[in-house]
Structure formats: C-alpha cells, structure tokens
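Asks: Please work out how this folds:
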Amino acid sequence: MTDRRALPADIAEVWREQREHWLFALRTASGCLLALWLAFRLNLHSPSSAAITVTIVALPQSGYVIEKAFYRLTGTLFGGAVGLLLVAAFAQQREFFLIGLAAWIGVCAAWSQKLRNFRAYAFVLSGYTACIVGYPAFIAPDSALQIAVDRVSAVALGLLCGTVLNATILPRSAAVELVGSIRRRLPEFLNYARAVLSEVRPRQQVQQQQDHILHSIVALEAVRGAAYFEDAESRIRSSRLRRLNGEFTATSTALHAIYRLREDLLARERTRVVAALHPLTDQLLAQLETGAGQVPRTAAEAAPVARDFGAWLSQWNRHAALARQRLGPPGGSADELREFEAGLQLLHWFAQDLSRYLDTYAQLRNPRRLRADEAPAPTPRTDPLVAAVAGLRCMLAIVLTGLFWMQTGWADGFNAFILVCVFPALFATMPNPMSGIRGVAIGFAIGAVFTVPMYLFVVPRLDGYAELAAAQLPPLLLFCSWIARPATSTRGLGAMLMLLTGISLTNPMQYDVAVFANRIVATFAGFAFSAFAYTALPLPGPAWVTARLQRALPRQLRTTVSDTPERARHAFESGVADLITQITPRLGADVEARRRQLDAGLTVLEAGFALLRLRQQNAGDSPLFRLVPAAFENPRHIDPVLQAIEDQLQGRAGRNDARTVAALRLLHLSLREWRAHTANEVAPLPEPAHAA
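Replies: This is a model prediction of the structure:
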C-alpha cells in the first residue's frame, strides 16, 4: 500500500514544479505582450519580432536571461553589420550574395560548435541575423540602413522587456541556484567519500555517482556564468568559484583512483594491504566532521574543518609511519610493500586535493581576499572536423534552398529560406538534431491550429491593443508552459513561433489570406529543407560525431605535457569532463553503452592524474611518459608499455620512491582497464601478483 505520509510531500513537490512552470509562462507571456505594445507605440515595422525575441531568450532563471540577452544583442549587432556589408559588396549580384551569406552562416555554425553555453548561441544568431537583415536590404538597398535599425531596435526592445519582467515577476535567481548548488555539493561529496573509503561499493553505484559529479562540474560552470551577469557578489567570487570547480574535479578524480586501486587489490586478494590502510582512512574521514558530528555545509562550517584538516595533514609522515607498522613485520614481500606505498601515496594525494578544496570553499565567506593563483578558464573540447562538417552542412543546405527559391521564383520562399538559415545551425550541437527539428515542426503544426482561426476570424474583429492582448494571452500562456517543461520545450517553442510569426503583426496591420496561407506552407517547407540537411546531404551524421568525440577522449592525455603542471591539469581535467558530458547524452537509452563510456572516461582521467604526478617527480622527460598517451590512442601498444611499467616497478619498494611507485601503479591499472575497455570488457583483468 502507498504510504499516506508520503502523499503530502509528493503533492507539495508537484505543486512547486507546476508553480514554477506557470510563473515562467506568466513572465514570458507578459514580456511578449509588453514588447508588442511598446513596438506598436514606437512605430516599429515588425512588432512581432520584439515578441519573438522575448520568447527566444525566455529561461527560468533571471541570470540566464540576462546572459542570453547579452549574447543575443552582441550577435544581432555583429550579424546585422555583416548583412549590410554583404549588400554593399553584392548589391547587383544575387548569386554571389547568396554564396557569401551561406559562407558566413557556415563559419558561424562551425564556431558555435567550439564554444559552450550562450557564447555559442551568439555565433548562431550572428549568422542568421545577417540573413534577416541582409536579404530585405538586398531587395531594397535604398532602405538597407532603416531595415537594419528596425531589426536591431525590435530585438533590443524584446531583450529589455524579457529581462525586466524576468527580474521583477517573482524571479528565480541564478545566484541563489549557484549558492544552493555549491552548498549541496560539499556534503554530498564528503558523504560519498566516506561511503567509498569506508566500505566496498559496487562499481555501478560508484560510476553513477562519478557521472553525477562530472555533470555537476559542467553545470556549475554554466550557472557561474549566468550568475556573473546577475549579481555583483557572484562577479567578485567568479574566479574563486572557477578554482573551486577545478579543485573539486581533481579531488573527485583522486578519490576514484583510490577506489580503483582498492578494487584491484581486493580482486587479487591483497587484503593485508587494504587492512593496513583502513585505520588511516578512518582517521582522515573523522577530520571531515564538525563538532556536531556532521559534514560541513556552509563556508562558515567549513572554515574550522579546513583548518583542523590542514593541521592533521601536516603530520602526515607520523600517520604514515603508524600505518606502516600495521602492515606487519618487515618480512613482507616486495610486492606488498609496493602496493602499500602506492595506496598510501594515493591517499596522501587525495588528502592534499581535499584540503585545497576545503580551504577554497571556506574562503568564499570573504570574496575580497583573493588568492594569487586563480584558476584559468575551463577548456571545452570540440573536434575541428566535427565543427567544419557542421558549418559545411549549413552552407550546403542554404545554397541548395536558395537556388531552389531563385529558380522557381517562389514569392514566399524567403520564409522557408530563413528557417534553413536558423535551424540546422541552432540544433547542430544537439545529440540528435533531427529530434529538435521534428519537435519544433510538431509545435508549428499545433500552433497553426490556433493561428489559422485567430488570423481569419479573431484578429480582424479586434479593436485596440487591449483586445489583441486578451485574445493572445491564453495560447501564449499555454505554449510558454510547454517551453518550461523539458519534455515539451521544443514543441512549445515551435507553437509560440507559429503564433507570433503566423499572425505577422505589422505596423500598419495588413490582411491577406493568400499571403497567410503561403507563409504557412513556406514554414513547413523550411522544416523539410532543414530535415534534408541532416538526412539527404552526403555528410556524416550524429553517429559519426559520437565516434569522433570518443576518439578524442584518449587524445586528451597529450595535454598533460603542455604548459605548467597546474595549468595542464586544469585543461586536461576540464577537457575530459566536457567530452564525457558531450558523449553520454548521444548514447541515448543504451545504459550499458553509457556505462562503458563513463568507465572509459574515468580511466583516462586517472591515467592523466598519474602522468601529471610523474611530471611533478621530474619523470616527465622519460620515454615512458610519452608512450602512455600513444598506447591509449592505439591499443596495440598497451602490452609493451605495461611491460615497461612492470620493469620500472621492480625494485622500487622504498619510501623514497613512493610517489613514483604510486603513479606507475595507477598507470599500470589504468592501462589494464583501457585494454579491457577496448576489448568490450568491463571487469578489471586479473594479473599475476608480480605485475602489481
């Protein structure tokens, strides 16, 4: 039977979710109507463009809206300028104008693949704004500047209305979300570390948690960027938050390396080594609790924990000596000594990374006390060939659609042409672009059910703006509520665009049923041409992109030799996290494939962790250091590299070699895991004891 006590909590959760959806719908619909009214009052030629802008920048948090609005305005200004330049260069040459426009949009689409968040959107927008401004100006060059000014004015007005209403009508703050995310992440991670270090956990559970960690790292960077535009305190803390995110990545990687090593030790029945390390692990975990016996949550709670943990870590040599005594008499085998020293050193590295993370977290209380070694920006990873194909796809689709339009003399071909300029570039970053195009097309069809009767029977009978707003408000609220829900967001966007573009509110308003019907036909033709770009053009599709990204993953190990070790580590770890979060959504509902891919990404992270530690031991110039990345890229080289690592491990049992032994031991384990991955195996491969 259902627990009745759980029902009120479930109802409250549903109510909160529905409340946020409808508040978002109210903010967006109100912004659209306000933008329309102001556009009519300012006598702009196309008031619907201002309302469309409000819809496009609509997002749940006000910080995201401000960030997106900033990049949209930047892209609009730059794209409008390029459109005017194309008109000036090819005013009498339609074919060359089309080729120039297609080339510009293709370049913008390619660059959008190389960026993340709304910076990528700025490039997409810059591309198709050149079309929206450029083609009408090409048709009427004497009015080119007026067309550009009208377009930019409508966009700026829509951005102003959207940002103001999102910041005033019961707003959701990105800065508040950022603080909540940071506060949740610390206790979640410390509890996870306690669970991993104190008991044996199934690999699948650990993988799921690591997947959550990697996605939270990328998500926090996106929220940090949005909060930067919204809140002064977030701008002050921005650089420190970037460092906090990088240190969190490093700490989680070190923790998973410990888990992998212990998993391997238990598989090979090295229980004495695990038992000798266990009390030291318990001591470490005990230092992470507040006086109340709980893990810290706020920066104020973390400050004394960070101080005490740092003091405990300064006595590491004494703690390590006691742990060595627990290993037993010195008559143990050299293999056991190497295993023990490797585990001890990995635990030390984890403690050092965790201490830095706690210290940075505690410093968030005083954002003006900046540390000199602030972290560099994250490094997004995109295959240049993938970006080039995305740009080429857009160029070919635009040229083919434009030629069809010109050869047929289609009067409303521009409406189809503009969609081909927009959607192939806009959805190129999606794991399955066709699903996005299909969703928006369905939304357009639903929107047409509302738009046709409204255009034919309702709008002609309206008298004044108040009646127009009252007629449009119900469908606007409905479609905006769809946009707020991830499952229906593309359909909601399509329905909103159909409603706003189909009625085509102009100043003065003009009614022509034939033009209206042709506009709708052209709209769906534009979707057909956009789908053609992904289904019929002889270019690689999403499966090829996924394969390219998977091959790029082991290549990230090359970055471990670039720049200083600290900067190389940040670039490497952020690059691998970015690739993993790109690849796993592309694998869809295939749970096993996602699990294998995540396991591969974690293996690459651990190998890079070990290589960077070898650099710190001045071992980065050895031939082995350069052979490891090559072995990950070409599995045929794995066995010789494994043998070379085994040769180096032989005879290294002393404490003076502990750091090198730990790094080599982790490299050995990572290479074995990678060999298993390339052979479609998941479990660690059993190895003879002498190969440890």
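Asks: and the end-to-end length of stretch 452-463?
Replies: Distance across stretch 452-463, first residue to last, is 19 Å (Cα to Cα, to the nearest Å).
Asks: buried stuff in stretch 219-228?
Replies: Neighbour-count burial for stretch 219-228, with 16 or more other Cβ atoms under 10 Å as criterion, is recorded at 220-228. For glycine as for every other residue, the C-beta is placed from the backbone atoms N, C-alpha and C.
Asks: Correction: the previous question concerned stretch 110-124.
Replies: By 16+ other Cβ under 10 Å, the buried positions in stretch 110-124 come out as 110-124.
Asks: what does it rub up against?
Replies: Outside of stretch 110-124, the residues within contact range by Cβ atoms under 8 Å, 6 or more residues apart in numbering are 64, 67-68, 70-72, 74-75, 108-109, 221-222, 225, 380, 382, 384, 386-388, 390-391, 422, 425-426, 428-429, 578.
Asks: can you do 7 Å?
Replies: For stretch 110-124, the surrounding residues in contact (Cβ atoms under 7 Å, 6 or more residues apart in numbering) are 67-68, 71, 74-75, 108-109, 222, 225, 380, 382, 386-388, 390-391, 425-426, 428-429.
Asks: likewise stretch 174-188?
Replies: Residues outside stretch 174-188 that contact it (Cβ under 7 Å, 6+ apart): 61-64, 216, 220, 223-224, 226-227, 230-231, 234, 295-298, 302, 361.
Asks: try it again with 8 Å
Replies: With Cβ under 8 Å, 6+ apart as the criterion, stretch 174-188 contacts 61-64, 216, 219-220, 223-224, 226-227, 230-231, 233-234, 241, 244, 248, 294-298, 302, 361, 364.
Asks: could you point out which element follows the helix or strand hosting I520?
Replies: If you go by DSSP states H and E, I520 is part of helix 513-535. Counting by DSSP H and E, the next helix or strand C-terminal to helix 513-535 is helix 542-555.
Asks: could you give me the average pLDDT of the helix or strand that that next one is followed by?
Replies: Scanning forward in sequence from helix 542-555 by DSSP H and E, the next helix or strand is helix 565-586. Across helix 565-586, the average pLDDT comes to 84.
Asks: in helix 565-586, what counts as buried?
Replies: Neighbour-count burial for helix 565-586 [16+ other Cβ under 10 Å]: 565, 568-584, 586.
Asks: and the residue lying closest to R613 once chain neighbours are set aside, what does it touch?
Replies: Spatially, and ignoring its direct neighbours in sequence, R613 is nearest to A663 (4.3 Å; Cβ to Cβ, 6 or more residues apart in numbering). By Cβ under 8 Å, 6+ apart, the contact list for A663 reads 610-611, 613-614, 617, 619.
Asks: Including pLDDT, could the residues you listed go into CSV?
Replies: Supplementary listing: the contacts of A663 in CSV, determined by pLDDT from 0 to 100:
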residue, pLDDT
A610, 90
L611, 89
R613, 87
L614, 85
Q617, 74
A619, 52
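Asks: returning to what we had before: pull out the buried members of the contacts of stretch 110-124.
Replies: So, by 16+ other Cβ under 10 Å, the buried ones in the contacts of stretch 110-124 are 67-68, 71, 74-75, 108-109, 222, 225, 380, 382, 386-387, 390-391, 425-426, 428-429.
Asks: Show only the entries of these found in strands.
Replies: Counted as lying in strands by DSSP state E, out of the buried ones among the contacts of stretch 110-124, is not a single one.
Asks: Looking at the residues you listed, which are in helices?
Replies: Judged by DSSP state H, the buried ones among the contacts of stretch 110-124 include 67-68, 71, 74-75, 108-109, 222, 225, 386-387, 390-391, 425-426 as members of helices.
Asks: Where does the prediction get shaky in this protein?
Replies: 1-10, 12-14, 328-332, 367-377, 562-563, 618-622, 651-656, 680-692 (pLDDT under 70).
Asks: mind running it again at 50?
Replies: Residue ranges of the chain with pLDDT under 50: 1-2, 7, 331, 372, 681-692.
Asks: Report the contact partners of the residue nearest the centre of it.
Replies: Most central in the chain under Cα atoms, centre = their mean is V218, positioned 5.2 Å from the mean C-alpha point. With contact taken as Cβ under 8 Å, 6+ apart, V218 is in contact with 577-578, 581.
Asks: Mind doing that once more with 10 Å?
Replies: Counting by Cβ atoms under 10 Å, 6 or more residues apart in numbering, V218 touches 116-117, 245, 249, 378, 380, 574, 577-578, 580-582.
Asks: hmm, back to that, quick check, nearest of the ones in helices among the buried ones among the contacts of stretch 110-124 to P453?
Replies: The closest of those to P453 turns out to be L426 (Cβ to Cβ; 29.2 Å).
Asks: What count of nearby residues applies to E233?
Replies: Counted with other Cβ atoms under 10 Å, the neighbours of E233 add up to 13.
Asks: mind checking how far A644 is from R240?
Replies: Using Cβ to Cβ, to the nearest Å, one obtains 41 Å as the distance from A644 to R240.
Asks: How many residues are close by V449?
Replies: V449: 12 neighbours (other Cβ under 10 Å).
Asks: Tell me if I'm right that it and F479 touch.
Replies: No: counting by Cβ atoms under 10 Å, V449 stays clear of F479, with 11.6 Å between them.
Asks: shared neighbours, those two?
Replies: Contact criterion Cβ under 10 Å, 6+ apart; residues shared by V449 and F479: 495, 498.
Asks: So F24 versus A484, what's the distance?
Replies: For F24, the distance to A484 - Cβ to Cβ - is 4 Å.
Asks: Identify the contacts common to those two.
Replies: When contacts are counted by Cβ under 10 Å, 6+ apart, F24 and A484 have 58-60 as shared neighbours.
Asks: Could I get the contacting residues of D647?
Replies: D647 touches L624, counting by Cβ under 10 Å, 6+ apart.
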